[in-house]
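Trainee: Give me the fold of what follows.
(2 chains)
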Protein chains: 2
Amino acid sequence: MSTSQADHQHAFDRSSCPVANMLDLFGDKWTLLVVRDIILGKSRYNEFAESPEGIPTNILADRLKRLEQGGIVIKIPYCQKPIRYQYELTEKGKDLIPVLESMVLWETKYFPGTQVFPSYDRETAK
Amino acid sequence: MSTSQADHQHAFDRSSCPVANMLDLFGDKWTLLVVRDIILGKSRYNEFAESPEGIPTNILADRLKRLEQGGIVIKIPYCQKPIRYQYELTEKGKDLIPVLESMVLWETKYFPGTQVFPSYDRETAK
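Mentor: Here you go, the predicted model:
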């Protein structure tokens, strides 16, 4: 095996196919819902936890960690004592918006009952 | 609970959010890879099974069944004795192409090592 093949093997979990790599990162039922929440204006742990899908807190903590490790979100302190963080999308994260938009287009065509949630307002927690 | 609320509860597994519903259908590591294979020209069980990601055959059978039940693929006999089927995308399935294209755009921007697989040629099995 050449070095480049070895690098290639190392770089991707399953194959060099972009769809396969996308699914290695986001192929579960929760990760993109956290991204959706941030797009809608949420940024804090309890705000994500209160979304109607009811993400289990251990999964939420894991997905936020993975999103941070993957350079999709950054963690910024908003309170020092006790230290508390909020999460924002990086440029890489914001570039996922067209992916979610393409999903919304397909869904609204074939599942007319689906509705994009309104933007989140921290003041009213709605 | 009003009738419309009851209908709504029944219609979606987790919420009426289109992204959540999309993940209820495709939020796993394999389903969209079968769709990708069909887009690339594969249509038969053994062709899907030979893709480089190495989908386990029990998962492949399950995902083909779910895709058929979801109206994403149709099953067409290509051999009568013994009966064998091939799978084609419906219009609903073909409309997933822009979703996969948006994934490819994001991937090729952030993971330049990814490469869209060439179309499949049954004659050469490549």
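
Trainee: which residues sit in contact with A:Ile74?
Mentor: Residues in contact with A:Ile74, defined by C-beta atoms under 8 Å, 6 or more residues apart in numbering or on different chains, are A:Glu68, A:Tyr87, A:Glu88, A:Thr90. Any C-beta I mention is one placed from the backbone N, CA and C, and that applies to glycine too.

Trainee: mind redoing it with 6 Å?
Mentor: For A:Ile74, the residues meeting the contact criterion (C-beta atoms under 6 Å, 6 or more residues apart in numbering or on different chains) are A:Glu88, A:Thr90.

Trainee: Report the rounded mean pLDDT for the host helix or strand of it.
Mentor: Using DSSP states H and E, A:Ile74 falls within strand A:73-79. Averaging the model's pLDDT scores along strand A:73-79 yields 96.

Trainee: next one: stretch A:46-53
Mentor: Regarding stretch A:46-53, the rounded mean pLDDT is 97.

Trainee: end-to-end on that stretch?
Mentor: Counting by C-alpha to C-alpha, to the nearest Å, the length from the leading to the trailing residue of stretch A:46-53 is 13 Å.

Trainee: So what touches that stretch?
Mentor: For stretch A:46-53, the surrounding residues in contact (C-beta under 6 Å, 6+ apart) are A:Leu33, A:Val34, A:Asp37, A:Lys42, A:Leu60, B:Arg14, B:Ser15, B:Ala20.

Trainee: Would the strand or helix carrying the first one count as contacting chain B?
Mentor: What that stands for is A:Leu33. Under the assignment given by DSSP H and E, the secondary-structure element containing A:Leu33 is helix A:31-39. Yes - looking at helix A:31-39 against chain B by C-beta under 6 Å from any C-beta of the partner chain, the contacts come from A:Leu32, A:Arg36.

Trainee: Just give me the neighbour total for A:Glu91.
Mentor: Under the neighbour criterion other C-beta atoms under 10 Å in any protein chain shown, A:Glu91 is assigned a count of 10.

Trainee: Retrieve the pLDDT associated with the residue nearest the centre of chain A.
Mentor: Nearest to the geometric centre of chain A sits A:Val35, at 3.0 Å (C-alpha atoms, centre = their mean). In this prediction, A:Val35 carries a pLDDT score of 98.

Trainee: Can you show me the strands along chain A?
Mentor: Using DSSP state E, the strands of chain A run over A:73-79, A:84-89.

Trainee: Just confirm yes or no for the last one near chain B.
Mentor: No - using C-beta under 6 Å from any C-beta, strand A:84-89 stays clear of chain B, coming no nearer than 12.9 Å.

Trainee: any residues touching that strand, and which ones?
Mentor: If you take C-beta under 6 Å, 6+ apart as the criterion, strand A:84-89 is touched by A:Ile38, A:Ser43, A:Arg44, A:Val73, A:Ile74, A:Lys75, A:Ile76, A:Pro77, A:Tyr78.

Trainee: Which one (most neighbours) among those?
Mentor: Of the contacts of strand A:84-89, A:Val73 is surrounded by the most neighbours, 24 neighbours in total, counting by other C-beta under 10 Å.

Trainee: How about the residues of chain A by chain B?
Mentor: Chain A comes close to chain B at residues A:11, A:14-23, A:27-29, A:32, A:36, A:52-53, A:92, A:95, A:98-100, A:102-104, A:106-107, A:110-111, A:113-115, A:117, as judged by C-beta under 6 Å from any C-beta.
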